[in-house]
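> coordinates only, sequence not included:
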């Protein structure tokens, strides 16, 4: 369990701390989509898929939701492989992104506890087949990479565990294009550039 000055942090506090740090460093503000993958089994200290718990999911969900409200990003929640790693989100987000809707209702045994808790908490929940998220946080090594945009930039939060689950994260940046003449960080002075016809 993570501690701050001798005080154990709750799962809510750990999740909020990780998401706040990640959102600040990754510039995850309004309009950004963040995929959240969670194994509540791993958080509870058992092998993935063997001990999911809605009570654990609800504590983590509360932390993600508070960080989302503070920074303005849109969290989407990855289901487990039994629902082909579809993503739980609000219908309004699915529509604004033009994503393909798929039909299922996640439950702890098919979709996972985190996806089930997220689905139950939303005003108008739907599942999307896939998304190209700006960033993602993986709690318990659930493999969220398939839902990230290129190019992923790894991030290791200060708190490396939420509960007993290892935490990894990544945000994305646009691919760098060009060759030896390409400039990425500033507009060059005319004297710095060579003509390209």
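Perfect, I can see it now. Quick caveat, the model's predicted, so the values are computed rather than measured. Numbers count the residues shown, from 1 in each chain.
> can we go C-alpha only for contacts and neighbour counts from here?
OK.
> can you give me how far the longest helix seen in the chain is from the chain middle?
Longest helix of the chain, by residue count under DSSP state H: helix 54-71. Centroid separation for helix 54-71 versus its chain: 12 Å, with CA atoms, centre = their mean, to the nearest Å.
> list the buried residues for that helix?
54, 56-68, 71 (16 or more other CA atoms under 10 Å).
> what mean pLDDT does it have?
Helix 54-71 shows a mean pLDDT of 98.
> cool, and stretch 27-43?
Over the span of stretch 27-43, the pLDDT mean works out to 97.
> what comes up buried for it?
Buried residues in stretch 27-43, defined by neighbour count with 16+ other CA under 10 Å: 28-29, 32-43.
> that stretch: end-to-end distance?
Chord length of stretch 27-43, first to last residue, is 26 Å (CA to CA, to the nearest Å).
> and the spatially closest residue to residue 40 that is not a sequence neighbour, what element?
Here the nearest residue to residue 40 in space, its sequence neighbours aside, is residue 52; by CA to CA, 6 or more residues apart in numbering that works out to 5.0 Å. If you go by DSSP states H and E, residue 52 is not part of any helix or strand.
> okay, buried residues for the helix or strand containing residue 21 please.
Element membership of residue 21, judged by DSSP H and E, is helix 11-25. Neighbour counts over helix 11-25 (16+ other CA under 10 Å) mark 11-23 as buried.
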